[in-house]
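Trainee: Quick one: sequence plus predicted model below, questions after.
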Amino acid sequence: MINYISYRILQLIPLLIAISIIVFVIIQLPPGDFLTNYIAQLKNAGNDVSESMILNLKMQYGLDKSMYMQYIIWIKNILLHGDFGRSFQYNQPVADVIGPKLTLTLVISVISLIFVWAVAIPIGIYSATHQYSPLDYVFTFIGFIGLAMPGFLIALILIYFVFTQTGVAITGLFSPEFADAPWSMAKVMNMLPRLVIPVIVIGMSGTASLIRVTRGMLLDELSKQYVITARAKGVAENKLLFKYPVRMAINPLISTIGWTLPALISGEAIVAIVLNLQTTGPMLLKALMTQDMYLCGSFLLILSVMTVLGTLLSDILLALVDPRIRFGGVAE
Amino acid sequence: MGRQEEVILEMKDVKVHFHLDEGVLKAVDGVDLRIKRGKTLGIVGESGCGKSVTSQALLRIVPKPGEVQGKILLYRGGKDGTDEPVDLVKLDPRGKQIRDIRGGEIAMIFQEPMKAFSPIHTIGNQIIEAILLHTTDDKEEAYRLGVNILQKVGMSNPEQRMGEYPHQLSGGMRQRAMIAMALSCNPSILIADEPTTALDVTVQAQVLQLINDLKEKSDTAVIFITHDLGVIAEMSDDVAVMYLGKVVEYTDVDTLFHAPKHPYTKALLNSIPSVSMEKKRLESIEGTVPFPMNLPQGCGFYSRCKHAVDGVCNAADVPLVEVAAGHHVRCLMVESERTEQEVEA
Ligand SMILES: Nc1ncnc2c1ncn2[C@@H]1O[C@H](COP(=O)(O)OP(=O)(O)O)[C@@H](O)[C@H]1O
Ligand SMILES: [Mg+2]
């Protein structure tokens, strides 16, 4: 098991390096560098920009060096100092801009993921074991609506409905008095009920597709020989269902965690704009539109690294639940 | 006779029909068989003739939309407080009563041991599960019984094997483990559905030997299903030849090989290579097995039979007739031959 994990981690290193190079190239793509922008901004604001200050900045970001060295400096700054560069749009270090919003995004995404699994898997199991029953058809119908309807539309409908019925605007994650307050227990409690709608809206299409996948996987497993063996031993149907086919059907779902998380994070962008959530989504969109390249690049890098780590996580989980991978992975 | 011939299970006109959208698929269509304590009944027939579905009917594990009709009488010899047989067809297939019988009274081993074990649970886990269901509630005792039975089926290092996963064993070892699991609760009937078809020839012989040894020791009745007449000769006391969901000939193994009556049995026997008849050309049976749906009336073998007579064999369904003591044949030609002889005598 240890072997397997270290082997997987070793495999990731070249992948991560490749990702960082691509992101670096993307940052360099637009004409001019961020320093030119930054200086122009300072001048516009009526500041006096001295030659020595420009030189200092150039040295700090290695802009006077070759591309190759610039990459090394960029990646070194990230790894050693957590310095992702500056966002000229916010005129702040990227890390300071992203940090708090990323936390909020992660909280919402993880809760959405748990919501998706907690809702979709039981429904999928029911649908598979009661194939072609009335409820199976109902879930299938709701599932297709969830898949077909864009999240922001559902969000708009919900906002409209709640507002016309109760007069409460459910946008934003906090009521006004907490919006700029520092984190506290009261702020968390204020956020929790307001999380319900974003989580449902963001998780909707994920839930719908996971129901379909669970149902299909389980239907496949239900007719397998090992299920018949267990039945022929005299194991009761319910016990049998969860010990054998359900566990087998969930294994492939575990391997989807890797890409589900980043998909949720980027998928919530439009929903977050509609619901006015202070997450990374709206910021990413704005950064792309204003060509705030260090901000964009950092987003790209963080999302890619999260995909890679998510995949690693799901591989490890999969090895934990499936002995065939645990014992055969390295040898084969 | 007496104890030797003690019947523990009797199938009476058992039918398994699948009601599909395209029509009724008659997988098993009137099977009468008797299982005797300590004896092996061989069931032989081409692929698709209903052997597996017959065995599924015995355990009431026929998949939907299959429906079992007829009578399957199990004589439990007072184990459930009465001498009356239980009719398995009448039991709720999800109920407690049939679950006690599955694995406890009638156990089954399957064709492909790799697929028949769950790949994500250890061998030990799966064997102990059966023992805990039928034999004891004590986990440590169940573990000990598990190790014991693995030893009995000839597995080295049984304690280590308990902790191993199916993919860590060889094919032969896996089938041994499967046999161990089936026998772990001392069933009175063991159903083996093509247990050696997926194995290498050398391993095949070992597994057959093992089943025979265990049968002798524990007085278990065996239902041995195969499409291989050579294996039938080696394993069986009685043999039933199946064709299109029906038993066409049912007798003891010697009679079957030396005085077969049904044209289909004869054709099957002629189609296997034999050491003694070296130079003789092998005959294959012409035509293919019809699909068991919307079949015409009359003998199922009509379309492929050399002795078939139009207007007789395809007029009405042919009954299974006892042509000699313990020798049942489903063929009008054989029957008419016999009545002629009787008239002459
Ligand atoms: N679950 C099922 N649903 C529909 N038809 C089935 C099912 N299982 C078996 N059959 C059909 O029943 C017939 C007998 O099958 P089977 O008993 O498996 O044959 P075999 O003698 O090779 O074991 C075949 O025609 C097969 O197609
Ligand atoms: Mg079969």
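Mentor: Sure thing, it's come through. Just so it is clear, the structure is predicted and the values come from calculations on it, not from any experiment. Residues are numbered from 1 along each chain as shown, chains lettered A, B, ... in the order given. Ligands and ions are numbered 1, 2, ... in the order given.
Trainee: contacts, neighbours, all on C-alpha from now
Mentor: OK.
Trainee: element containing residue 12, please.
Mentor: Unless you meant another one, I'm taking chain A. Element membership of A:L12 [criterion: DSSP states H and E] is helix A:2-28.
Trainee: Correction: the question concerned chain B.
Mentor: Here B:K12 is assigned to strand B:7-20, by DSSP H and E.
Trainee: Please apply the same query to B:D32.
Mentor: B:D32 belongs to strand B:23-36, assigned by DSSP H and E.
Trainee: how about B:G245, phi and psi?
Mentor: As for B:G245, its main-chain torsions (degrees, to the nearest 10) stand at phi 80, psi 0.
Trainee: my guess is it meets B:D32, correct?
Mentor: No: the pair B:G245 and B:D32 fails to qualify as a contact (CA atoms under 8 Å) at a distance of 11.2 Å.
Trainee: And the strand holding B:D32, how far out from the chain middle?
Mentor: Chain-centre distance of strand B:23-36: 12 Å, with CA atoms, centre = their mean, to the nearest Å.
Trainee: Buried ones in it, by neighbour count?
Mentor: Using 16 or more other CA atoms under 10 Å in any protein chain shown as the test for burial, strand B:23-36 gives B:25-36.
Trainee: Which neighbouring elements make contact with the helix or strand containing B:L208?
Mentor: Assessed by DSSP H and E, B:L208 sits inside helix B:201-218. Where contact means 3 or more CA pairs under 8 Å, 6 or more residues apart in numbering or on different chains; DSSP states H and E, helix B:201-218 is packed against helix B:171-183.
Trainee: The next helix or strand after the helix it packs on near chain A at all?
Mentor: Later in the chain than helix B:171-183, the nearest helix or strand by DSSP H and E is strand B:189-193. No: judged by CA under 8 Å from any CA of the partner chain, strand B:189-193 and chain A are separated, with a smallest distance of 10.6 Å.
Trainee: contacts for strand B:189-193?
Mentor: B:37, B:52, B:55, B:105-111, B:182-183, B:220-226 (CA atoms under 8 Å, 6 or more residues apart in numbering or on different chains).
Trainee: before we move on, back to that, so is the strand holding B:D32 next to ligand 1?
Mentor: Yes: using CA under 6 Å from any ligand atom, strand B:23-36 comes into contact with ligand 1 via B:A27.
Trainee: Strand B:189-193 and that strand, what's the angle between them?
Mentor: Angle, strand B:23-36 to strand B:189-193, by axes from the mean of the first three to the mean of the last three CA atoms, to 10 degrees: 130 degrees.
Trainee: Point out where the stretch 1-150 of chain A drops to low pLDDT.
Mentor: Residue ranges of the stretch 1-150 of chain A with pLDDT under 70: A:32-34, A:61.
Trainee: Which parts of it are strands?
Mentor: Remark: strands assigned in the stretch 1-150 of chain A by DSSP state E, counting those that start in this stretch are A:86-87, A:92-93.
Trainee: And the ones you listed: which comes nearest B:K64?
Mentor: Nearest to B:K64, of all the strands of the stretch 1-150 of chain A, is strand A:86-87, at 63.5 Å by CA to CA.
Trainee: and the closest one, what does it pack onto?
Mentor: On a contact count with 3+ CA pairs under 8 Å, 6+ apart, strand A:86-87 meets strand A:92-93, helix A:94-129, helix A:293-321.
Trainee: Could you point out which of the ones you listed sits nearest B:Q160?
Mentor: helix A:293-321 (20.4 Å).
Trainee: What lies in contact with stretch A:314-332?
Mentor: With CA under 8 Å, 6+ apart as the contact definition, stretch A:314-332 has outside contacts at A:1, A:3-5, A:7, A:251, A:254-258, B:119-120, B:165, B:167.
Trainee: now do 7 Å
Mentor: Identification of contacts with stretch A:314-332 by CA atoms under 7 Å, 6 or more residues apart in numbering or on different chains yields A:1, A:4-5, A:251, A:254-255, A:257-258, B:120.
Trainee: Next, please give the residue ranges for the strands of the stretch 51-200 of chain B.
Mentor: B:66-74, B:86-87, B:106-109, B:189-193.
Trainee: So which bits of the helix holding A:L12 are buried?
Mentor: Using 16+ other CA under 10 Å as the test for burial, helix A:2-28 gives A:4-5, A:8, A:12, A:16, A:19-20, A:23-24, A:27-28.
Trainee: Distance to B:V334 for the residues you listed - can I get that in TSV?
Mentor: TSV is the format used below for the buried residues of helix A:2-28 (distance: CA to CA, whole Å):
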residue	distance to B:V334
A:Y4	68
A:I5	71
A:R8	71
A:L12	75
A:L16	79
A:I19	80
A:S20	84
A:V23	85
A:F24	88
A:I27	90
A:Q28	92
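Trainee: Intersect the residues you listed with the contacts of ligand 1.
Mentor: Among these, no residue lies close to ligand 1 (CA under 6 Å from any ligand atom).
Trainee: Of those residues, which is the nearest to B:I101?
Mentor: Closest approach to B:I101 among the buried residues of helix A:2-28 (CA to CA): A:Y4, at 43.4 Å.
Trainee: next one: phi and psi at the closest residue to ligand 1 within chain A?
Mentor: Of all residues in chain A, the one sitting closest to ligand 1 is A:S223 (9.0 Å; CA to the nearest ligand atom). Note on A:S223: backbone dihedrals following degrees, to the nearest 10 are phi -100, psi 10.
Trainee: repeat for the one 10 residues further on
Mentor: With angles defined as degrees, to the nearest 10, A:K233 shows backbone torsions of phi -80, psi -20.
Trainee: tell me the contacts of it?
Mentor: Neighbours of A:K233 in contact, by CA under 7 Å, 6+ apart: B:102-103, B:107, B:130.
Trainee: Just those: which are in helices?
Mentor: Those of these mapping onto helices are B:A130, per DSSP state H.
Trainee: Mind putting the contacts of A:K233 into CSV with distance to B:L256?
Mentor: As requested, the contacts of A:K233 are exported to CSV (distance: CA to CA, whole Å):
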residue, distance to B:L256
B:R102, 31
B:G103, 31
B:A107, 27
B:A130, 37
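Trainee: Who wins on neighbours among the contacts of A:K233?
Mentor: B:G103 (32 neighbours; other CA atoms under 10 Å in any protein chain shown).
Trainee: could you dump the helices and strands packed on strand A:86-87 to TSV with mean neighbour count and distance to A:G172?
Mentor: Listed next are the helices and strands packed on strand A:86-87 as TSV, based on neighbours: other CA atoms under 10 Å in any protein chain shown; distance: least, CA to CA, whole Å:
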stretch	mean neighbour count	distance to A:G172
strand A:92-93	14	24
helix A:94-129	19	12
helix A:293-321	20	22
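Trainee: still on that earlier bit, need the max-distance pair from the contacts of stretch A:314-332.
Mentor: A:G258 and B:I120 (22.2 Å).
Trainee: returning to that earlier point: quick one, which of the helices and strands packed on strand A:86-87 is nearest to B:S47?
Mentor: Proximity to B:S47 (CA to CA) singles out helix A:94-129 among these, at 29.8 Å.
Trainee: just checking, what packs against that closest one?
Mentor: Here helix A:94-129 touches helix A:185-222, helix A:257-274, helix A:280-290, going by 3 or more CA pairs under 7 Å, 6 or more residues apart in numbering or on different chains; DSSP states H and E.
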